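>>> quick one, structure for this:
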Amino acid sequence: MAATSVMVVGGGIAGTAAALGLDKAGFGVTVFESHPDAAEDLGAFLTLASNGMRALAQLDATDAVTAIGFPLTSLRLLDSRGAELTQAPLGEADDPALRFRCLRRGELNSALQAEAARRGICVHHGTRLVSVAGGPDGVTAHFSDGGTATADLLVGADGLNSTVRRLVLGSAVQPRYAGQRVFYGYTDGAPVTDGTGVITMVRGSEAAFGYAPSPTGQTYWFARIAGDPLPADGPAYRTATDRRDELLRLLRKDPTPAGDIVAACADRIMVTNVTEMPLGTAWHAGRILLVGDAAHVASPATGQGASMALEDAVVLAKSLRDAPDPHTAFAMYEQYRRPRVEHNITVSGGISRGTHTPSRTAATNPGARSEDDALISQLAWDVPLSAVAEATG
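Here you go, the predicted structure:
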């Protein structure tokens, strides 16, 4: 494709990674982020799986990310009595560059944006999108401060409550509740002795729980519980104590480490609804394309959200690089990405609703050699997408 300018709306994980990929592919790219700084969602943490780390390597961003967080090399599974069912290596544990990594979302955002700045990519903060106008030759974005920007293409990477998605597809296309709320927290000096590098999943009778001790002595933990969604008109909890007490009532029903970990947590607890996009939702219109959670947010049950966004970044950049025009590039991108991300939406949503239970192997090692040959070729920067066999889900 001839030299093209791209504006990316959204400077989170998906948007900044997309900018890194587009810049590497030779496109002029500018990022517009509505938040005033990079450290969004400091209260939540995430894991990057081996496939996400593989995508980072293709973006030449491995070092920027391995400088933060900590690696996870094995996964342990406990039943509701606290008995160990199994423990196994996690993902590509033998390759330091591809090991699972646990890190705070805000720290990852900051690291990716710092890498973008190092490469000369401009990231504008505090620029909230209010409207877009597309034509046959370009797209113009209007922002709340009165500013405008024009580019050949616009990539909407503005997350779960995407303004780009609403403006392009209408307000009827929205994520739906997937049947659970998810809690995140950090506990100092928690009574666990698993050692670092291990993430433990607990199949509780009332909640799914996971925790990982960090090298600094904090235990990162999450819990997923079924029930009604948080109300849209305000928080369901007055204080962190209320959130902790609700969790403890459920976790204390089982003799697992989960109750003690949460009981020892102070006030660093957040909660959010688990949501997912309906299958078949449109991803592009004209010269505008959605990526990351804006296009295909899924329940966090499989832990693949951030990794899928990083895969998006690589495949999008390669599609635009290899295709003769935007229409062909967007179709190519969707051909390779939709089967994979919609499979993840289906599986993860089934786990959240209790209609699907992962196998023992999948539960204990979701990233072990999970990258099949087709995906590895899709992500390999020097392999043209035209040479890649048809993608599989």
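>>> quick check: domain ranges of the chain?
Using automatic domain parsing, the domain ranges for the chain come out as 5-45+104-175+277-387, 176-276.
>>> so Gln380 makes contact with Gln58?
Actually, residue 380 is Ala. It isn't Gln. Yes. Ala380 lies in contact with Gln58 (Cβ atoms under 8 Å); the separation is 6.9 Å. C-beta coordinates here come from the backbone N, C-alpha and C atoms, glycine included.
>>> which one of these two is surrounded by more residues?
Gln58 (23 against 17; other Cβ atoms under 10 Å).
>>> wait, that one sits on Val314?
Yes. Assessed by Cβ under 8 Å, Gln58 is found in contact with Val314 at 4.9 Å.
>>> shared neighbours of the two, anything?
Common neighbours of Gln58 and Val314, using Cβ atoms under 8 Å, 6 or more residues apart in numbering, are Gly21, Leu379, Trp381.
>>> the second one contacts Glu311, correct?
Yes. Proximity of Leu379 to Glu311 meets the contact threshold set by Cβ under 8 Å, at 6.6 Å.
>>> out of the two, which sits in the more crowded spot?
For Leu379 and Glu311, the more surrounded residue by other Cβ under 10 Å is Glu311, and the numbers stand at 28 against 24.
>>> what sits closest to that one if chain neighbours are left out?
Sequence neighbours aside, Ala55 is the residue nearest to Glu311 in space, at 4.9 Å (criterion: Cβ to Cβ, 6 or more residues apart in numbering).
>>> picking up where we left off before, give me the common contacts of Leu379 and Glu311.
Shared contacts of Leu379 and Glu311, defined by Cβ under 8 Å, 6+ apart, are found at Asn51, Ala55.
>>> dump stretch 167-186 to CSV, keeping only the CA atoms.
Extracted as CSV, the C-alpha positions of stretch 167-186 are listed here (Å, rounded to 0.1, in the frame of the first residue of the first chain):
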residue,chain,number,x,y,z
LEU,A,167,-20.2,6.8,16.2
VAL,A,168,-19.6,4.3,13.4
LEU,A,169,-22.0,1.5,14.3
GLY,A,170,-24.6,3.2,16.5
SER,A,171,-25.5,2.9,20.1
ALA,A,172,-27.3,-0.4,19.7
VAL,A,173,-24.0,-2.3,19.3
GLN,A,174,-22.8,-2.7,22.9
PRO,A,175,-21.0,-5.3,25.0
ARG,A,176,-23.4,-7.5,27.1
TYR,A,177,-23.1,-8.8,30.6
ALA,A,178,-21.5,-12.3,30.7
GLY,A,179,-22.9,-13.4,34.1
GLN,A,180,-20.1,-12.5,36.5
ARG,A,181,-18.4,-9.7,38.4
VAL,A,182,-14.6,-9.8,38.7
PHE,A,183,-12.7,-8.5,41.7
TYR,A,184,-9.0,-7.5,41.7
GLY,A,185,-6.8,-6.8,44.7
TYR,A,186,-3.3,-6.8,46.2
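>>> so which bits of it are buried?
Buried residues in stretch 167-186, counted by 16 or more other Cβ atoms under 10 Å: 167-169, 174-175, 178-186.
>>> secondary structure class for the closest residue to Ser162 other than its chain neighbours?
Once flanking residues are discounted, Ser162 sits nearest to Ala294: 3.7 Å by Cβ to Cβ, 6+ apart. Using DSSP: H, G, I helix; E, B strand; the rest coil as the criterion, the local structure at Ala294 reads helix.
>>> surely Ala294 touches Ala18?
No. Counting by Cβ under 8 Å, Ala18 is not a contact partner of Ala294; they are 10.9 Å apart.
>>> quick check: neighbours shared by those two?
Joint contacts of Ala294 and Ala18 (Cβ under 8 Å, 6+ apart) are Ala157.
>>> hey, where'd the helices end up in the stretch 251-393 of the chain?
258-263, 293-296, 305-322, 326-353, 360-364, 373-379 (DSSP state H, counting those that start in this stretch).
>>> what separates the third one from the chain centre, distance-wise?
Its chain's C-alpha centre lies 13 Å from the corresponding centre of helix 305-322 when counted by Cα atoms, centre = their mean, to the nearest Å.
>>> okay, it in PDB with CA atoms only?
Output of helix 305-322 as PDB, limited to C-alpha atoms (Å, rounded to 0.1, in the frame of the first residue of the first chain):
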ATOM      1  CA  GLY A 305      -7.700 -10.000  26.500                       C
ATOM      2  CA  ALA A 306      -4.400  -8.100  26.400                       C
ATOM      3  CA  SER A 307      -2.700 -10.900  24.400                       C
ATOM      4  CA  MET A 308      -5.400 -10.800  21.800                       C
ATOM      5  CA  ALA A 309      -5.000  -7.000  21.500                       C
ATOM      6  CA  LEU A 310      -1.200  -7.400  20.900                       C
ATOM      7  CA  GLU A 311      -1.900 -10.000  18.200                       C
ATOM      8  CA  ASP A 312      -4.300  -7.500  16.600                       C
ATOM      9  CA  ALA A 313      -1.600  -5.000  16.400                       C
ATOM     10  CA  VAL A 314       0.800  -7.200  14.500                       C
ATOM     11  CA  VAL A 315      -1.800  -8.600  12.100                       C
ATOM     12  CA  LEU A 316      -3.200  -5.200  11.400                       C
ATOM     13  CA  ALA A 317       0.200  -3.700  10.600                       C
ATOM     14  CA  LYS A 318       1.000  -6.700   8.300                       C
ATOM     15  CA  SER A 319      -2.400  -6.400   6.600                       C
ATOM     16  CA  LEU A 320      -2.000  -2.800   5.800                       C
ATOM     17  CA  ARG A 321       1.600  -3.400   4.700                       C
ATOM     18  CA  ASP A 322       0.900  -6.300   2.400                       C
END
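>>> list the helices and strands that helix packs on?
helix 13-24, strand 45-48, helix 50-58, helix 293-296, helix 326-353, helix 373-379 (3 or more Cβ pairs under 8 Å, 6 or more residues apart in numbering; DSSP states H and E).
>>> from Ala111, how far off is the most centrally placed residue in the chain?
Nearest to the mean C-alpha position of the chain, by Cα atoms, centre = their mean, lies Ala306 at 2.2 Å. Applying Cβ to Cβ, to the nearest Å, the value for Ala306 to Ala111 is 12 Å.
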